[in-house]
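Participant: just the structure for this:
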Amino acid sequence: MDYSASSKRALEWVVQNLLRRGDTVVVLHVQRHGGEEAKHVVWAKSRSPLIPLSKYREPEVMKNYGVTCDAEVLDTTARQRQLKVVAKVYWGDAREKLCDAVEEQKIDTIVIGSRGLGTIQRFVGCMVTISP
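Facilitator: This is a model prediction of the structure:
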């Protein structure tokens with residue numbers, strides 16, 4: 001989740017079309033390796049813990065992970081369907097880390113916003129479903 005217009009639309013679509021009351025949403029952030037901070041090298045192997053939505057409201061907490069977030073978007077999402085929202089931060093190549101997240105968090109559906117695609121391409125490319 002990068003909080004771009006595209007990713008916000010994808011989240012809205014998920015809330016309206018896929019989620020049921022009480023479901024858990026895992027918001028994934030994949031950061032590129034930054035050699036400037038040694039803690040990111042450590043986090044790259046151990047990954048972040050699951051971060052509850054309440055911690056998203058604390059800028060200093062999210063700064064530790066190198067993530068800028070929009071807690072209001074996630075608050076609205078959680079309230080709409082009484083969802084549990086948590087976040088997980090990974091460092092490295094997004095292609096690899098998304099696969100890691102699916103395995104580690106037992107994620108069955110990943111929704112990814114489109115970037116500048118047409119209507120048909122957006123529909124086809126916006127959602128990847130992973131079946132166990």
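
Participant: which sections of this protein are below the confidence cut-off?
Facilitator: Applying pLDDT under 70 to the chain picks out residues 33-47, 114-132.

Participant: 80 instead, please
Facilitator: Along the chain, the model assigns pLDDT under 80 to residues 2, 32-49, 56-57, 59, 61-69, 71, 77, 80, 112-132.

Participant: please enumerate the strands of it.
Facilitator: Assigned strands in the chain, in chain order: 24-31, 51-52, 84-91, 109-111, 127-129 (criterion: DSSP state E).

Participant: which residues does Thr68 contact?
Facilitator: 3, 62 (Cβ atoms under 8 Å, 6 or more residues apart in numbering). C-beta: built from backbone N, CA, C; applies to glycine.

Participant: please tell me how far it sits from Val86.
Facilitator: When distance is defined by Cβ to Cβ, to the nearest Å, Thr68 is 18 Å away from Val86.

Participant: related to what we said a few turns ago, for the strands of the chain, give me a markdown table that also has mean neighbour count and distance to Glu72.
Facilitator: Listed next are those as a markdown table, based on neighbours: other Cβ atoms under 10 Å; distance: least, Cβ to Cβ, whole Å:
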| stretch | mean neighbour count | distance to Glu72 |
| --- | --- | --- |
| strand 24-31 | 19 | 13 |
| strand 51-52 | 17 | 16 |
| strand 84-91 | 20 | 12 |
| strand 109-111 | 15 | 19 |
| strand 127-129 | 12 | 24 |
